[in-house]
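Q: sequence plus the predicted model coming up.
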Amino acid sequence: MRDLITVIAKALVDHPEDVAVSEVEVKDELVYRLSVHPSDMGKVIGKQGRIAKALRTVVTSAAVKHNKRVSVEIVS
């Protein structure tokens, strides 16, 4: 899951070396924190959050195979 988020994020940003994904378990849910360069925040979020929503949809769909609940947070 972490690799999937990393590959997608690196394809979107201008500073792929600053992309980092950390994993935190909260209760029965895995939270992935995507950290990007501050100037790349808009590219990862997209207009009206469309890219962020699509990223979350892809990750959630992939997590169904593993019977896990996941969420993605985007931080700078």
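A: Happy to help now that I have it. Residues are numbered from 1 along each chain as shown.
Q: what sits against the residue nearest to D14 when sequence neighbours are not counted?
A: Distances taken as Cβ to Cβ, 6 or more residues apart in numbering place D40 nearest to D14, at 5.9 Å, with adjacent residues excluded. C-beta coordinates here come from the backbone N, C-alpha and C atoms, glycine included. Each residue near D40 by Cβ atoms under 8 Å, 6 or more residues apart in numbering is listed here: 12-15, 18.
Q: so can I have TSV of those residues showing neighbour count?
A: Compiled in TSV, the contacts of D40 are given as follows (neighbours: other Cβ atoms under 10 Å):
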residue	neighbour count
L12	16
V13	17
D14	10
H15	13
D18	16
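Q: with these in mind, which one is nearest to R50?
A: L12 (12.0 Å; Cβ to Cβ).
Q: my read: that closest one touches K43, true?
A: Yes. Using Cβ atoms under 8 Å, L12 makes contact with K43 at a distance of 5.2 Å.
Q: now do the shared contacts for these two.
A: Common neighbours of L12 and K43 (Cβ under 8 Å, 6+ apart) are I51.
Q: which residues of the protein fall in helices?
A: Secondary structure of the chain, counting by DSSP state H: helices at 2-12, 41-45, 50-64.
Q: for the ones you listed, which one sits closest to L34?
A: Per Cβ to Cβ, nearest to L34 of the helices of the chain: helix 2-12, 5.8 Å.
Q: name the nearest residue to I8, sequence neighbours excluded.
A: Nearest non-adjacent residue to I8, counting by Cβ to Cβ, 6+ apart: L55, 5.9 Å away.
Q: G42: neighbouring residues, count only.
A: 11 (other Cβ atoms under 10 Å).
Q: same question, the one 5 residues further on
A: Each residue near K47 was counted by other Cβ under 10 Å, and the total is 7.
Q: report pLDDT for it.
A: Note on K47: pLDDT of 95.
Q: with M1 instead?
A: 88.
Q: from V13, how far off is R2?
A: 16 Å (Cβ to Cβ, to the nearest Å).
Q: now do D28
A: 31 Å.
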